[in-house]
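[1] this one's sequence-less:
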């Protein structure tokens, strides 16, 4: 062992000695990794904890042949692969192969499906925002688990084929073949670099303000003008999904239970995209979580809304569990939370 190699091993061993600092350092990026693999923020949190548990148990055997970071990702990837064995992929309604519906059609729920979930931006650490976007994570769900792992390790983490082969205990040729098949599948889902948005423009910020105001007033006519002509609306656990402003407008008009001044929205961000927690007024006149909307924009219009009815997500996003009866858009929510 050279003097330089010995120094590197010593530094890495020292890093493992302070395990609390290590978990704090890598928590958010490992959560992003496990989320990409699993499609669930709830599962990803458990997988990260399992990763750190295994790492702690194996720390005495760490020999420094790779960085601690690479070693942790190797453990996390295999934890995820074990977790995914025999499990179905996590879809969104439009990926189930059913036709889009008209806005007035009866709603059908399926709570047995393990749906894809959004992840709070604040909970993850990513170097490339497109690697966490819902469209990308949804496309990953169509890949077999090992292909999914190969694509993430090669394209997102920029590992070499040899590094991936070592982590997955396979050959470089098998890694390259899996990556080629994964690229073909993702490409067939229409995900390209062109689909990744830049930071929001002033016009898009104004669009979001108008969107929030229109829902507060339940101004369906305005809502539909903010959508693209081919806008898509999905809302798991409902199997129904919708295309086009007219159908989406009818859906909101007929099936959304709130009226004027019944639906305030609080801004957050999910998967590198603008998102809102939508609240609904109760009979007691206060507001409770109703759905978490994640928006995909195309220019100065909304092109895709994924509205998640899993209200447990509100806590994950740091959103309050209630808003007082006198809440109005623009009020600071943290000073008005009803506990």
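    Nice, thanks for sending it over. Quick caveat, the model's predicted, so the values are computed rather than measured. Numbering: from 1, shown residues only.
[2] what about this protein, any weak spots by pLDDT?
    Along the chain, the model assigns pLDDT under 70 to residues 1-14, 190-198, 333-339.
[3] Quick one: neighbours of residue 78, just the number.
    16 (other CB atoms under 10 Å). Every C-beta, even on glycine, is put in place using the N, C-alpha and C of the backbone.
[4] Against residue 299, how distant is it?
    For residue 78, the distance to residue 299 equals 42 Å [CB to CB, to the nearest Å].
[5] again with residue 131
    With distances taken as CB to CB, residue 131 is found 23 Å from residue 299.
[6] Equivalent analysis for residue 61, please.
    Distance, residue 61 to residue 299, using CB to CB: 54 Å.
[7] Give me the more crowded residue out of these two.
    Taking other CB under 10 Å, residue 61 and residue 299 do not tie; residue 299 has more neighbours (12 against 6).
[8] In contact with the more buried one, which residues?
    Contacts were defined as CB atoms under 8 Å, 6 or more residues apart in numbering; by that measure residue 299 touches residue 204.
[9] do you know how far it is from residue 204?
    Distance of residue 299 to residue 204, given as CB to CB: 8 Å.
[10] swap in residue 147?
    From residue 147 over to residue 204 the distance is 34 Å, taken as CB to CB.
[11] how many other residues sit next to residue 184?
    Residue 184: 9 surrounding residues under other CB under 10 Å.
[12] likewise residue 98?
    12.
[13] my guess is it meets residue 239, correct?
    Yes - using CB atoms under 8 Å, residue 98 is in contact with residue 239, at 6.5 Å.
[14] Wait, a helix at residue 47?
    Yes - assessed with DSSP: H, G, I helix; E, B strand; the rest coil, residue 47 lies in a helix.
[15] mind checking how far it is from residue 41?
    Residue 47 sits 11 Å away from residue 41, going by CB to CB.
[16] Compare those two (neighbour count), which wins?
    Counted by other CB under 10 Å, residue 47 and residue 41 do not tie: residue 47 has more neighbours, with 25 against 22.
[17] Does anything pack onto the longest strand belonging to the chain? Which helices or strands?
    Longest strand in the chain by number of residues (criterion: DSSP state E): strand 287-298. Strand 287-298 sits against helix 134-140, helix 202-216, strand 265-270, strand 273-281, strand 301-308, helix 313-316, with contacts defined as 3 or more CB pairs under 8 Å, 6 or more residues apart in numbering; DSSP states H and E.
[18] I'd like a version of these in JSON lines, one that adds distance to residue 71 as further columns.
    Output for the helices and strands packed on strand 287-298, formatted as JSON lines (distance: least, CB to CB, whole Å):
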{"stretch": "helix 134-140", "distance to residue 71": "23"}
{"stretch": "helix 202-216", "distance to residue 71": "41"}
{"stretch": "strand 265-270", "distance to residue 71": "30"}
{"stretch": "strand 273-281", "distance to residue 71": "32"}
{"stretch": "strand 301-308", "distance to residue 71": "34"}
{"stretch": "helix 313-316", "distance to residue 71": "28"}
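[19] In CSV, list those along with distance to residue 257 and mean neighbour count.
    Output for those, formatted as CSV (distance: least, CB to CB, whole Å; neighbours: other CB atoms under 10 Å):
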stretch, distance to residue 257, mean neighbour count
helix 134-140, 25, 23
helix 202-216, 13, 16
strand 265-270, 15, 21
strand 273-281, 7, 22
strand 301-308, 14, 21
helix 313-316, 18, 19
